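Peer 1: One predicted model, sequence on top.
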Amino acid sequence: MGSGVREISYAEALNEALREEMRRDERVIVFGEDVGVLGGVYRVTKGLLEEFGPERVLDTPISEAAIAGTAIGAALMGLRPVAEIMYVDFLTLATDMIITHAAKARFMSGGQVKLPMVIRTQYSLGRVHGCQHSQFLAACFLQSPGIKVVLPGTPRDAKGLLKSAIRDDDPVLFIESGALYRMKGPVPEDEYLIPLGRCDVKREGDDVTIVAVARTVVEALKAADRLAEEGLSAEVIDLMTIQPMDYDTIVKSVMKTNRLVIADDSVKTCGISAEVSAYVSEFAFDYLDAPIIRVNSPPLPIPFSPQLEKQYMVDADKIVDAVKRLVG
Amino acid sequence: MHAANCSGRGFKVIIILLAIIIAMNPSIEVVKEVPVDRYRELGLTDERLRWMLRKMLEARRFEEMVERLFLVEGKLIGPAHLYLGEEAVAAGVIGALRDDDVIVTTYRGHGHAIARGVSMKALMAELFGKITGTCKGLSGSMHSALSVEHNIPMATAIVGSGIPIACGVGLALKYRKEDRIAVVFFGDGATNTGAFNEGVNLAAVWKLPILFVCENNQYALSVPHRKSFAGESIAARGACYGMKSFLVEDGNDVVAVYYAADKAAEYIRSGNGPAFIECRTYRKKGHGVYDTAWYRPREEVEFWMKRDPIDRFFKKLKSLGIVSEDEFRRWDEEIALILEEAVKEAEEAPVMPFDEMWNYLYVGGDARYGEWR
């Protein structure tokens, strides 16, 4: 690190990833609603049409099933499509394609086909978008083996993971955190990749393990800072890929800290944290000195009111409270 | 336009002209049964005509055997959807295509696979769930037609879902400037799905090289076409998206289907964008193999049974001296022998070892993780 690292935003990092992969491999094409002339509603595909032309950067009609289906067909034929679904909420219109086709094609063909495709989308929790434009839903896809699910929580990870996702031969659902698009962070100037399917220990610690993913990684790191001021050493693990999940890294950390808090933007019932908690309870129970605490949103639709949304969401305060309950 | 301009004689002329244009409906070509004396002018060789009959017969006998294995012998279980009675569509369309054109098919796909040359033995083994099947026993009947080697990279069991996927196939072919085309088969029921609207529209807007083939077998499971669709034809739906569209009124005439598919394929290959074919045919049996289709009126069933695509085509080729009774019987015997062996071999073949399934989850082999290692 040091020289060769600059501060850019999460959205800019994603844009760099797309640009670099499109330069590197002409099989990479990008399509979705407003990704061309407009450059994406959140500017992630900005400038791609100008650089790569209308054959590789295509604006689509408002047709989520067709966007996802087109990605599948193009991938079946050996292209490496990166399709954008503007909001996770709109992903539900394409779930037949993603869950029932993309995730199954390789398996049901007995390994005859592969689908090197990426569906990029983002969730806007924390941006006051109300109940139909803020849903997270990532955990739903844990019931759909066959599709990899990747959720970057920093600009550096956003770039490295998206580049890996594009080069991966399997279908990847790449869920960005809309609330982080403008967040800046250090990103190396030289090319790098971050492997899919592995957690990242974002901060080492001894007293408690905090597992987080996507937007809550930022909150978990803030919480760890605050806990440090009070003399508590928290290890922060960023899941990064939730399917397939890197359980080993989590278990290894719990073996060291003996305490586990899991914070993610799922509704608590059967959320990502529920799966992590169940796994650790089942396979690392003997290493736990205290019950596992999950920090999630309540099972309510997401409220619009900015004040209510703030109360609804996971934040550093809630994570700090959970850790204190555990240690205290 | 101002209202004043729309009045008087000029307005009447415009209305009359519009009526004529609509009546002619230049975007829909209606195709009727093709008389035998026109076969030569369509460029159909004896070899091609014989091939179409043979493939229809193979599909017919294969599925008759499948039906028996389910209902009489009890050797097969699970869902299977028979194509009996619709064979002219597969043979006519695939007979007009090139082998490297890419097919997206459905759960009613045995006939497409057989017309494309997928081995009946591999198909049978797939129905038995054996490792020697087209998809190693992981797909069953509903995706058994999926064979990359035969340019069939997808066979979907979800009504309508092949249509958006075919868009991606077409996009890839167009992007690489290949002169191959994508072909997607679907039923009349599929045209009521959102996937149909989204896919057909996208293909038309992007001028993708795709042939949409609607096999209108009149029923979406038990619901007749007239109860789920209010328009005049499904072909008109294709046309309203801005596509060249064909209505093959006699979809049980394999040559009529061939004529439409050949013309459509040439149109698409010339870079004009997608085309649409509605073939009116009839499902001789129920939706699935266990469905007796009791809900259909007897007169309707009798009407279509008299129009069996294989009987009719055989009689025509016999009258032209292209296939004799003896030869037809010999084909039947050959096919019966293959099927007998297919069943025996499928029964004897092994099932994939359970843990081997992990090799097909992701690219790169054994994908076991966490507790599954």
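Peer 2: That came through fine. Quantities reported herein were computed from a predicted structural model and do not represent experimental measurements.
Peer 1: show me the contacts for the residue in the stretch 1-150 of chain B positioned nearest to chain A.
Peer 2: Distance from chain A to each residue of the stretch 1-150 of chain B (Cβ to the nearest Cβ) is smallest for B:Lys136, at 3.3 Å. Bear in mind the C-beta positions are built from the backbone N, C-alpha and C, glycine included. Under the criterion of Cβ atoms under 8 Å, 6 or more residues apart in numbering or on different chains, the neighbours of B:Lys136 are A:Gly110, A:Gly111, B:Met352, B:Tyr360.
Peer 1: Pick out the most distant pair among those.
Peer 2: Within the contacts of B:Lys136, A:Gly111 and B:Met352 form the most distant pair, 10.6 Å apart (Cβ to Cβ).
Peer 1: how about residue 171, what does it touch?
Peer 2: No chain was given, so I picked chain A. Per Cβ under 8 Å, 6+ apart, neighbours of A:Pro171: A:72, A:75, A:98, A:102-103, A:105, A:115-119, A:146-148.
Peer 1: was after chain B, sorry
Peer 2: A:Ile29, A:Thr70, A:Gly73, A:Ala74, A:Leu79, B:Trp206, B:Leu208.
Peer 1: How much space separates the fifth one from chain B?
Peer 2: Think A:Leu79. 5 Å (Cβ to the nearest Cβ, to the nearest Å).
Peer 1: so how many other residues sit close to A:Leu196?
Peer 2: Look at A:Leu196: counted by other Cβ atoms under 10 Å in any protein chain shown, it has 23 neighbours.
Peer 1: mind listing the strands in the stretch 101-250 of chain B by residue range?
Peer 2: Taking DSSP state E, counting those that start in this stretch as the test, the strands found in the stretch 101-250 of chain B are B:102-106, B:154-156, B:182-187, B:210-216, B:219-220, B:223-224, B:244-248.
Peer 1: between the ones you listed, which one is nearest to chain A?
Peer 2: Of the strands of the stretch 101-250 of chain B, nearest to chain A by Cβ to the nearest Cβ is strand B:154-156, at 6.3 Å.
Peer 1: Give me the mean pLDDT for that closest one.
Peer 2: The pLDDT scores in strand B:154-156 average 98.
Peer 1: before we move on, back to that, from the contacts of B:Leu171, which ones fall inside helices?
Peer 2: Cross-referencing the contacts of B:Leu171 against helices under DSSP state H gives A:Thr70, A:Gly73, A:Ala74.
Peer 1: wait, which of those is closest to chain B?
Peer 2: For those, the nearest to chain B is A:Gly73 (2.1 Å; Cβ to the nearest Cβ).
Peer 1: Would you mind listing what in the stretch 151-300 of chain A touches chain B?
Peer 2: A:Asp169, A:Asp170, A:Gly197, A:Pro244, A:Met245, A:Asp246, A:Tyr247, A:Asp248, A:Tyr279, A:Glu282, A:Phe283 (Cβ under 8 Å from any Cβ of the partner chain).
Peer 1: 7 Å instead, please
Peer 2: A:Asp169, A:Asp170, A:Pro244, A:Met245, A:Tyr247, A:Tyr279, A:Phe283 (Cβ under 7 Å from any Cβ of the partner chain).
Peer 1: And the pLDDT at the fourth one?
Peer 2: If you check A:Met245, the pLDDT there is 97.
Peer 1: ok, now which ones touch it?
Peer 2: A:Leu239, B:Gly370 (Cβ atoms under 7 Å, 6 or more residues apart in numbering or on different chains).
Peer 1: In the lengthiest helix in chain B, which residues are buried?
Peer 2: Ordering each helix of chain B by length in residues (DSSP H) puts helix B:46-71 first. Burial within helix B:46-71, assessed by neighbour count using 16 or more other Cβ atoms under 10 Å in any protein chain shown, is assigned to B:49, B:52-63, B:65-67, B:69-70.
Peer 1: measure stretch A:68-82 end to end?
Peer 2: Chord length of stretch A:68-82, first to last residue, is 10 Å (Cα to Cα, to the nearest Å).
Peer 1: hang on, the earlier thing: same list, the residues of the stretch 151-300 of chain A next to chain B, but as CSV with secondary structure please.
Peer 2: What follows is these, written out as CSV (DSSP: H, G, I helix; E, B strand; the rest coil):
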residue, secondary structure
A:Asp169, coil
A:Asp170, coil
A:Pro244, coil
A:Met245, coil
A:Tyr247, helix
A:Tyr279, helix
A:Phe283, helix
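Peer 1: filter these to the buried ones?
Peer 2: Judged by 16+ other Cβ under 10 Å, buried ones among those: A:Asp170, A:Pro244, A:Met245, A:Tyr247, A:Tyr279, A:Phe283.
Peer 1: Next one: the residue with the shortest distance to the centre of chain A from A:Asp265, what distance?
Peer 2: For chain A, the residue whose C-alpha lies nearest the mean C-alpha position (Cα atoms, centre = their mean) is A:Leu151; its distance is 1.0 Å. Distance, A:Leu151 to A:Asp265, by Cβ to Cβ, to the nearest Å: 9 Å.
Peer 1: The stretch 201-350 of chain B against chain A: which residues are in contact?
Peer 2: So far as Cβ under 7 Å from any Cβ goes, the stretch 201-350 of chain B lies against chain A at B:Asn201, B:Leu202, B:Val205.
Peer 1: Which of those ranks first by neighbour count?
Peer 2: Most surrounded of those: other Cβ under 10 Å gives B:Leu202, at 29 neighbours.
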